[in-house]
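Q: just to be clear, the model below is a prediction. Sequence and coordinates:
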Amino acid sequence: MKKLFYALFSLGILICLSPLAAVLWSSFFAARHGCRLDEAGSYPCIVNGLDWGGTLGSAFISGWFLIVTLPMAGLFAAIMLGMFLFGRWRKRRR
């Protein structure tokens, strides 16, 4: 049961950090292909005949979700740490 909680909290942390991954990916992709990327909107970014501008803009703007998800990831990490330390304390006490 404890492993299930650790797995669920780890999954929650990964989901909460996904906007950060989107921002890093979009920034890297735009810089690598010489595309303009900022919060003001989406700009054309043609790579291999496809326009990535809308995708890059959406991925970059998703970074604003970090305002909500980053504290949640911290809370999940604190709960996991508390569970780990409590388990160690109980084991040591026996």
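A: Alright, I've got the coordinates.

Q: so where's the protein uncertain?
A: The model of the chain has no residue with pLDDT under 70.

Q: need the longest helix for it.
A: Longest helix of the chain, by residue count under DSSP state H: helix 2-33.

Q: I'd like to know which elements that one is packed against.
A: If you count contacts as 3 or more CB pairs under 8 Å, 6 or more residues apart in numbering; DSSP states H and E, helix 2-33 packs onto helix 53-61, helix 66-93. Bear in mind the C-beta positions are built from the backbone N, C-alpha and C, glycine included.

Q: beyond that helix, next helix or strand please.
A: Next in sequence after helix 2-33, counting helices and strands by DSSP states H and E, comes strand 46-47.

Q: what's residue 78 in contact with, if anything?
A: Shown in contact with residue 78 (CB atoms under 8 Å, 6 or more residues apart in numbering): no residues.

Q: how near is it to residue 67?
A: Distance of residue 78 to residue 67, given as CB to CB, to the nearest Å: 18 Å.
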